[in-house]
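In: Just to be clear, the model below is a prediction. Sequence and coordinates:
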Amino acid sequence: MKVHFIAIGGSAMHNLAIALHKKGFEVTGSDDVIFEPSVSRLAKHGLLPKEYGWYPDKITSDLDAVILGMHARPDNPELLAAQQAGLKTYSYPEYIYEQSKDKLRVVIGGSHGKTSITSMILHALQSAGKAFDYLVGAQLDGFDTMVGLSDAPLMIIEGDEYLSSPIDRRPKFHLYRANLAVISGIAWDHINVFPTFENYIEQFAKFIGTMEPNGTLFYAGNDEVLKKVIADDDSTIQKFAYNAPAYQVNDGITSVLIDGSEYELQIFGEHNLFNLEAARNICNQLGIATNDFYNSMRTFKGAARRLELLGKGYSTNIYKDFAHSPSKLKATIHAVKTQFPERKLVACMELHTFSSLNKNFLGEYAGCMDEADTAIIFIHSETFFHKKMQPYEESFVRSTIKRQDLIYFDQPEKLKEYLEQQKLTGTNLLLMSSGNFGGLDLTALTEKVLS
């Protein structure tokens, strides 16, 4: 098979390219700009384009497929050439389905927890020695790529609700046709695509409708919006609610209590316990017994940037987390506060996504940082320019977030200086963003703060 990628440098795209290359496909690709770690990873496998840019002459009649990434535009010269030549052009999720249409497909959907639940399932399957393919939204310990393709009869897919491609406006998870599925919860996100909460909710109702007949769906039993979606659904699939298992916290360590056994975990937080139960239900369906599942979870460290411990001192832990939407932000802060109730918490949130920077959406963050003893908002001054959005003043952030003692920074150097000056004895630091805090070296920052 010969496959060409338009916008090969994307996080998901370059991982799929590498996975197909490992499977024996002949892979080529183009992009106008590629960043690390995509550059190094593509170069390692001989897939890095020799020159950046778009070259219609790469679109040849012997291509079996063209895969289009979200970074490309609808008028991309290579896309136009592929369409003119009548070549089969796939969006990223369409091609994932193409590779898995004869497999049992497990799709993990929801506004939060998708990556963590998917990662837990992969960890348990790997521990059990089962063969599987996968698509996950973070780099995991024990996995070279975020996509794995083989002849396995099973594929585990993290089901993102964002758009499939510049010319396919369907949410990705509508295209996978799940046999088994999870919806972890519904909390409004992607306002640039789904302008109302009702429109956003509708995507999850449609997702249920895309499941294969006789499919099975597990859903979070603590989400009132989701429960209404389930109640209104008239499909014939089986639907089961899940809740957090029994647990205890001793000296900052969470243990699950099941059938008289205690399973000590490396992860923590009520939201992660819900994630754990979602993963356990799926793994039971795949033939992994409950005790085997929880035994495997003893060694699960979590996905990258999901409450990832950067460093710790005698009475200080420093975490980074991918939290960027209001529901994720609130759950992550609550997790750290309840895990270490005797410690204060400094919580720093970077507003970085299109939704979080939207003036009409910013009010959704009001109250989300109330549990933090010190709340910091960071918006890099260059972000609005890069995203071509209208900037707003610090005063607007303060009045909208509704916290009088909010600390605000728009320069990474000022944020760094402030954090390095803090005496964090008996205090945890939580850094939350889907960005990179204006390029701050968080490892070096952690070492400086702890010293």
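Out: That came in fine, so what should we check first? Numbers count the residues shown, from 1 in each chain.
In: State which helix of the chain is the longest.
Out: helix 270-285 (DSSP state H).
In: Can you tell me which helices and strands that helix packs against?
Out: Applying 3 or more Cβ pairs under 8 Å, 6 or more residues apart in numbering; DSSP states H and E, we find helix 270-285 packed against strand 104-109, helix 114-127, strand 180-183, strand 216-220, strand 238-242, strand 253-258, helix 290-297, helix 326-339. Every C-beta, even on glycine, is put in place using the N, C-alpha and C of the backbone.
In: Columns mean pLDDT on top of the ones you listed, output as a markdown table?
Out: Formatted as a markdown table, these follow (pLDDT from 0 to 100):
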| stretch | mean pLDDT |
| --- | --- |
| strand 104-109 | 98 |
| helix 114-127 | 96 |
| strand 180-183 | 98 |
| strand 216-220 | 98 |
| strand 238-242 | 98 |
| strand 253-258 | 94 |
| helix 290-297 | 97 |
| helix 326-339 | 91 |
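In: so which of these gets nearest H21?
Out: helix 114-127 (20.7 Å; Cβ to Cβ).
In: Please name the nearest non-neighbouring residue to V346.
Out: T374 (4.4 Å; Cβ to Cβ, 6 or more residues apart in numbering).
In: returning to what we had before: angle of the longest helix of the chain against helix 326-339?
Out: 100 degrees (axes from the mean of the first three to the mean of the last three Cα atoms, to 10 degrees).
In: how about the CA coordinates for helix 270-285, as PDB?
Out: Only the C-alpha atoms of helix 270-285 are listed here, as PDB (Å, rounded to 0.1, in the frame of the first residue of the first chain):
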ATOM      1  CA  GLU A 270     -12.300  11.200  42.200                       C
ATOM      2  CA  HIS A 271     -12.300  11.900  38.500                       C
ATOM      3  CA  ASN A 272      -9.600   9.200  38.000                       C
ATOM      4  CA  LEU A 273     -11.500   6.700  40.100                       C
ATOM      5  CA  PHE A 274     -14.500   7.200  37.700                       C
ATOM      6  CA  ASN A 275     -12.000   6.800  34.800                       C
ATOM      7  CA  LEU A 276     -10.800   3.600  36.500                       C
ATOM      8  CA  GLU A 277     -14.300   2.100  36.700                       C
ATOM      9  CA  ALA A 278     -15.000   2.900  33.100                       C
ATOM     10  CA  ALA A 279     -11.800   1.100  32.100                       C
ATOM     11  CA  ARG A 280     -12.600  -1.800  34.400                       C
ATOM     12  CA  ASN A 281     -16.000  -2.300  32.800                       C
ATOM     13  CA  ILE A 282     -14.500  -2.400  29.300                       C
ATOM     14  CA  CYS A 283     -11.700  -4.800  30.300                       C
ATOM     15  CA  ASN A 284     -14.300  -7.100  31.900                       C
ATOM     16  CA  GLN A 285     -16.000  -7.200  28.500                       C
END
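In: For it, buried residues please.
Out: Within helix 270-285, the residues that count as buried by 16 or more other Cβ atoms under 10 Å are 270-283.
In: Which of those residues sits closest to A178?
Out: Of all the buried residues of helix 270-285, I282 has the smallest distance to A178: 10.7 Å, by Cβ to Cβ.
In: these two touch, right, that closest one and A178?
Out: No: the criterion here is Cβ atoms under 8 Å, and I282 misses it with A178 at 10.7 Å.
In: Need the overlap of contacts for the two.
Out: Counting by Cβ atoms under 8 Å, 6 or more residues apart in numbering, the common neighbours of I282 and A178 are V106.
In: Can you name the next helix or strand after the least confident helix or strand in the chain by mean pLDDT?
Out: When the helices and strands of the chain are scored by mean pLDDT, DSSP states H and E, helix 354-357 comes last with a mean of 84. Following helix 354-357 in sequence order, the next helix or strand is strand 374-378 (DSSP states H and E).
In: helices or strands up against that next one?
Out: Going by 3+ Cβ pairs under 8 Å, 6+ apart, strand 374-378 lies up against strand 344-350, helix 394-401, strand 407-409, helix 412-420.
In: distance of the closest residue to G269 other than its chain neighbours from N428?
Out: Once flanking residues are discounted, G269 sits nearest to A335: 2.6 Å by Cβ to Cβ, 6+ apart. Counting by Cβ to Cβ, to the nearest Å, the gap from A335 to N428 is 11 Å.
In: For F361, give its distance to E98.
Out: 35 Å.
In: same thing with V249?
Out: 45 Å.
In: cool, and N250?
Out: Separation of N250 from E98 (Cβ to Cβ) stands at 48 Å.
In: what's the answer for L180, then?
Out: For L180, the distance to E98 - Cβ to Cβ - is 19 Å.
In: more crowded one of the two?
Out: Using other Cβ atoms under 10 Å, the more surrounded residue of L180 and E98 is L180, with 23 against 13.
In: Count the neighbours of the closest residue to that one other than its chain neighbours for me.
Out: Counting by Cβ to Cβ, 6+ apart, L180 lies nearest to V106, which is 4.5 Å off, once chain neighbours are set aside. Close neighbours of V106, defined as other Cβ under 10 Å, add up to 27.
In: In contact with V106: list those residues for me.
Out: 121, 154-157, 178-181, 282, 286.
In: Pull up the gap between the closest residue to N281 other than its chain neighbours and R177, please.
Out: Taking Cβ to Cβ, 6+ apart, and ignoring the residues beside it in sequence, N281 has F218 as its nearest neighbour in space, at 4.6 Å. F218 sits 17 Å away from R177, going by Cβ to Cβ.
In: higher neighbour count, those two?
Out: Between F218 and R177, counting by other Cβ under 10 Å, F218 is the more crowded of the two (25 against 16).
In: Domain boundaries for the protein, per the record?
Out: 2-87, 95-297, 308-450 (automatic domain parsing).
In: ok, and which of the ones you listed has the densest surroundings?
Out: domain 95-297 (a mean of 19; mean count of other Cβ atoms under 10 Å).
In: how long is that one end to end?
Out: End-to-end distance for domain 95-297, by Cα to Cα, to the nearest Å: 31 Å.
In: Check the offset of that domain from the chain's centre.
Out: 11 Å (Cα atoms, centre = their mean, to the nearest Å).
In: Look up the pLDDT of the nearest residue to E350 once chain neighbours are set aside for me, please.
Out: Using Cβ to Cβ, 6+ apart and skipping the chain neighbours, the partner closest in space to E350 is S433 (3.5 Å). Confidence at S433, expressed as pLDDT, is 91.
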